[in-house]
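[1] model the following, please.
(2 chains)
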There are 2 protein chains.
Amino acid sequence: MPNQELKNDLFLKACRRQPTSRTPIWIMRQAGRYLPEYRAVRAKVDFLTLCKTPELAAEVTVQPIDIIGVDAAIIFSDILVVPEAMGMKLIVEEGRGGPRFPTPIANADDVRNLKIPNPAKSLKYVYDAIALTQKSLNGRVPLIGFCGSPWTLAAYMVEGSGARDFRKAKKLLYDNPKLAHELLAKLATSVAKHLSAQIAAGAQAVQIFDTWGGTLTPDAFREFSLRYIQQVVSEIERNDEPVIVFCKGCGQSLDAIAATGCDVVGLDWTTDIGSARKQIGSRVALQGNLDPAVLHSSSDAMRTEVRSILKKYGNGPGHIFNLGHGIDPEASVELVKDLIQTVKSESVSFHKAAD
Amino acid sequence: MPNQELKNDLFLKACRRQPTSRTPIWIMRQAGRYLPEYRAVRAKVDFLTLCKTPELAAEVTVQPIDIIGVDAAIIFSDILVVPEAMGMKLIVEEGRGGPRFPTPIANADDVRNLKIPNPAKSLKYVYDAIALTQKSLNGRVPLIGFCGSPWTLAAYMVEGSGARDFRKAKKLLYDNPKLAHELLAKLATSVAKHLSAQIAAGAQAVQIFDTWGGTLTPDAFREFSLRYIQQVVSEIERNDEPVIVFCKGCGQSLDAIAATGCDVVGLDWTTDIGSARKQIGSRVALQGNLDPAVLHSSSDAMRTEVRSILKKYGNGPGHIFNLGHGIDPEASVELVKDLIQTVKSESVSFHKAAD
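    Predicted structure coming up:
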């Protein structure tokens, strides 16, 4: 991995709760459809081809660094490339309600037929994209790798697509917990390998997205989601690369999330970041948590919300600003730029040395 | 209102945290499509006609008492009849993704043109249905009235329908909080009148459904949702009829919900009912909170989850068993009956006198 000096290490320092001159910011799904420059690339290739063409993936990964000025890049990819590498057919069609698996996991044979992928072979395009991105970034900002949590991937694999209530996936947990654990353990191993390989290729931090953890009861969340996130965190081969865990809708399980061994807990906008800092901020850094809907409102409203979050977090290090979920394709680029400048300027006063 | 002796007052006693011989149970949307008997009535009339025909509404309201044996009835109606009574055109078409307002609230004039309804006129069919239901119930179980929370109604009225992220409704809160407050205050007055009239007609308890409170930041939830729920609770004309407040996805705001003046806090399945009892159970009764997805699994899995919830709540009064959200149309009637019998038998041991 490239060990060139980072020109902007605010993000990594904040992940490690080390003092910084201001609060760093990046945005979940920052390489995405809200950017005309992204749409221009996507006009030429479909989504999966973009994921699997390292030159193009690197190009869109770097776009938000140049255009909106965030403090970290996140590799352009998709959480569902891991199940695909395990042998599942993955289809992403335009305007058809997201990616889907036409042959979902339905029984024990399906689980047993899943391969633990050799990432260096089946996911090589991700690591090539990371290496190319690092060349292009040339130390301007750090690069984040990512994956889906085992439960979130399992939910997609059993449902075949996103779902309103994950009835089939939950039926598996309730009726056949043994098979669910078998599936989740396989996914945890695969995902840990994928994150380790991303770090080996040059990712300087990794984030685990548990998009569907919040659909579970607190007990099921711990048994079927968090337990495997913890396994992933412990199995990642890393030096000091921070691990961020973002579980959407899980604000009632913050203590348990902070205990997974991660360095940073990502918060959605339904958690009060001030309360979260009191609860777990002495153990981990916090990332978040502007309501993404604010990016459809006015600059004034956005500034009010940003100030409120900065003030709630309060003085000192350990805060990475972000949205509480991925940015909407219809968000205003001007407002996004405004947001980033606002965080950069308004956060300075919270980082004065206390001497 | 009918003051006949109730043959089964377990639900009302539990709402008041008075000792009972077992835990009472009812089910959100218990008069609904999962019941063949309900579908038979619906085959004859459309949804709104069913709401507005007191004889039919009373018929489907009583069905689950006879068929599945719940401890309370809830009047068959819809939260959106209030905005309709305020002057909004409401359309409910079969299989078209739920009810919608073809002319949503878009500006200050739209808000000002909304009427505070005279419930005795425009919502008379609800009260007539309540009176008929009481005749038919004849004291077997108590009858619950209900309404949507001001924020939940406002969200529908501004979006025109249910939405994924309530972008337009949130834009109103963020960009024009003054107009939002004007709309919400009008809704709170209308809703309080509607609940008072339901009680006058014979409802022995009322529930306020805040289906979309959980889409807000904790601050916005308090300012735009809970504040108006509190207003509704304080303005309801009642004797000792309990008020239940159910805010979906708001488990991080339990203290504030318990402080609205309500008697019962409804919990969705993402909150641990044991923790909730420790936190607020000395002030209010708790209702909930089985994951509705359990009703697609096996009887064994259902029993395990029921026992877990009963045990988490623990000994003594103040628990009304329910799902953590409305029952799915595809739920198995046999499993629902099984659930109700399980709660009735398994809960007895938690209500032994402690002497």
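
[2] for stretch A:101-111, buried residues please.
    Residues A:Phe101, A:Pro104, A:Ile105, A:Asp110, A:Val111 are the ones in stretch A:101-111 that count as buried (16 or more other Cβ atoms under 10 Å in any protein chain shown). C-beta: built from backbone N, CA, C; applies to glycine.

[3] chain B: which of those residues is nearest?
    Using Cβ to the nearest Cβ, A:Pro104 comes nearest to chain B of the buried residues of stretch A:101-111, at 15.5 Å.

[4] quick one: secondary structure of the closest one?
    coil (DSSP: H, G, I helix; E, B strand; the rest coil).

[5] quick one: pLDDT of it?
    With respect to pLDDT, A:Pro104 scores 97.

[6] that one against A:Ala163, yeah?
    No - when contacts are counted by Cβ atoms under 8 Å, A:Pro104 is not listed as touching A:Ala163 (10.5 Å).

[7] contacting residues for the residue lying closest to A:Met157 once chain neighbours are set aside?
    Nearest in space to A:Met157, with sequence neighbours left out and distances taken as Cβ to Cβ, 6 or more residues apart in numbering or on different chains, is A:Ile105 at 4.7 Å. Neighbour list for A:Ile105: A:Met88, A:Val111, A:Leu114, A:Ala154, A:Met157, A:Val158, A:Leu183 [criterion: Cβ atoms under 8 Å, 6 or more residues apart in numbering or on different chains].

[8] closest one to A:Ala220 out of the residues you listed, please.
    A:Ala154 (12.2 Å; Cβ to Cβ).

[9] what sits closest to the closest one if chain neighbours are left out?
    A:Leu183 is the one closest to A:Ala154 (Cβ to Cβ, 6+ apart), at 5.3 Å.

[10] residue numbers of chain A in contact with chain B?
    A:165-167, A:170-171, A:174-175, A:214-220, A:249, A:251-252, A:269-272, A:275, A:291-294, A:296-298, A:301, A:305, A:308, A:328, A:330 (Cβ under 8 Å from any Cβ of the partner chain).

[11] which of those residues count as buried?
    A:166-167, A:170-171, A:174, A:214-218, A:220, A:249, A:251-252, A:269-272, A:291-294, A:296-297, A:301, A:305, A:308, A:328.

[12] so which residues of chain A form strands?
    For chain A, applying DSSP state E gives strands covering A:73-74, A:143-148, A:205-210, A:243-247, A:264-266, A:285-287, A:319-320.

[13] mind checking which of these is nearest B:Val206?
    Smallest distance to B:Val206 across the strands of chain A (Cβ to Cβ): 34.9 Å, for strand A:243-247.

[14] elements contacting the closest one?
    Other helices and strands packing on strand A:243-247, by 3 or more Cβ pairs under 8 Å, 6 or more residues apart in numbering or on different chains; DSSP states H and E, are strand A:205-210, helix A:227-235, strand A:264-266.

[15] turn the ones you listed into JSON lines, including distance to A:Arg33 and mean neighbour count.
    What follows is the helices and strands packed on strand A:243-247, written out as JSON lines (distance: least, Cβ to Cβ, whole Å; neighbours: other Cβ atoms under 10 Å in any protein chain shown):
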{"stretch": "strand A:205-210", "distance to A:Arg33": "18", "mean neighbour count": "25"}
{"stretch": "helix A:227-235", "distance to A:Arg33": "28", "mean neighbour count": "21"}
{"stretch": "strand A:264-266", "distance to A:Arg33": "21", "mean neighbour count": "27"}
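
[16] how about these in a markdown table, adding mean pLDDT?
    Below are those laid out as a markdown table (pLDDT from 0 to 100):
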| stretch | mean pLDDT |
| --- | --- |
| strand A:205-210 | 98 |
| helix A:227-235 | 98 |
| strand A:264-266 | 98 |
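
[17] dump those into a markdown table; add distance to A:Arg39 as well.
    Formatted as a markdown table, the helices and strands packed on strand A:243-247 follow (distance: least, Cβ to Cβ, whole Å):
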| stretch | distance to A:Arg39 |
| --- | --- |
| strand A:205-210 | 23 |
| helix A:227-235 | 33 |
| strand A:264-266 | 26 |
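
[18] what about A:Val45, how many neighbours?
    13 (other Cβ atoms under 10 Å in any protein chain shown).

[19] also the one 4 residues further on?
    Other residues within reach of A:Thr49, judged by other Cβ under 10 Å, total 13.

[20] how about it, nearest residue that isn't a chain neighbour?
    Excluding its sequence neighbours, the residue lying closest to A:Thr49 (Cβ to Cβ, 6+ apart) is A:Leu56, at 7.7 Å.

[21] try A:Ser332
    Leaving aside its chain neighbours, A:Ser332 sits nearest to A:Leu295 (6.4 Å; criterion: Cβ to Cβ, 6+ apart).

[22] cool, A:Leu173 as well?
    A:Ala180 is the one closest to A:Leu173 (Cβ to Cβ, 6+ apart), at 4.9 Å.

[23] residues contacting that neighbour?
    Contacts for A:Ala180 (Cβ under 8 Å, 6+ apart) come out as A:Ala154, A:Leu172, A:Leu173, A:Phe224.

[24] any chance of those residues in JSON lines, plus distance to B:Ile75, pLDDT and neighbour count?
    Shown next, in JSON lines, are the contacts of A:Ala180 (distance: Cβ to Cβ, whole Å; pLDDT from 0 to 100; neighbours: other Cβ atoms under 10 Å in any protein chain shown):
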{"residue": "A:Ala154", "distance to B:Ile75": "40", "pLDDT": "98", "neighbour count": "27"}
{"residue": "A:Leu172", "distance to B:Ile75": "37", "pLDDT": "97", "neighbour count": "25"}
{"residue": "A:Leu173", "distance to B:Ile75": "35", "pLDDT": "97", "neighbour count": "28"}
{"residue": "A:Phe224", "distance to B:Ile75": "38", "pLDDT": "98", "neighbour count": "26"}
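
[25] show me what the lowest-mean-pLDDT helix or strand in chain A is packed against.
    Least confident helix or strand of chain A, by mean pLDDT, DSSP states H and E, is helix A:119-122 with a mean of 92. Under the contact definition 3+ Cβ pairs under 8 Å, 6+ apart, helix A:119-122 sits against helix A:124-137, helix A:177-201.

[26] same thing but at 7 Å, please
    helix A:177-201 (3 or more Cβ pairs under 7 Å, 6 or more residues apart in numbering or on different chains; DSSP states H and E).

[27] okay, angle between the helix it packs on and helix A:227-235 too, please.
    Here helix A:177-201 points in a direction 30 degrees away from that of helix A:227-235 (axes from the mean of the first three to the mean of the last three Cα atoms, to 10 degrees).

[28] who's in contact with A:Phe221?
    Neighbouring residues of A:Phe221 by Cβ atoms under 7 Å, 6 or more residues apart in numbering or on different chains: A:Gly213, A:Cys250, A:Ser253.

[29] let's see that with 6 Å instead.
    Each residue near A:Phe221 by Cβ atoms under 6 Å, 6 or more residues apart in numbering or on different chains is listed here: A:Gly213, A:Ser253.

[30] okay, it: pLDDT?
    A:Phe221 is given a pLDDT of 98.

[31] for it, give its distance to B:Tyr313.
    Going from A:Phe221 to B:Tyr313 by Cβ to Cβ, to the nearest Å gives 19 Å.
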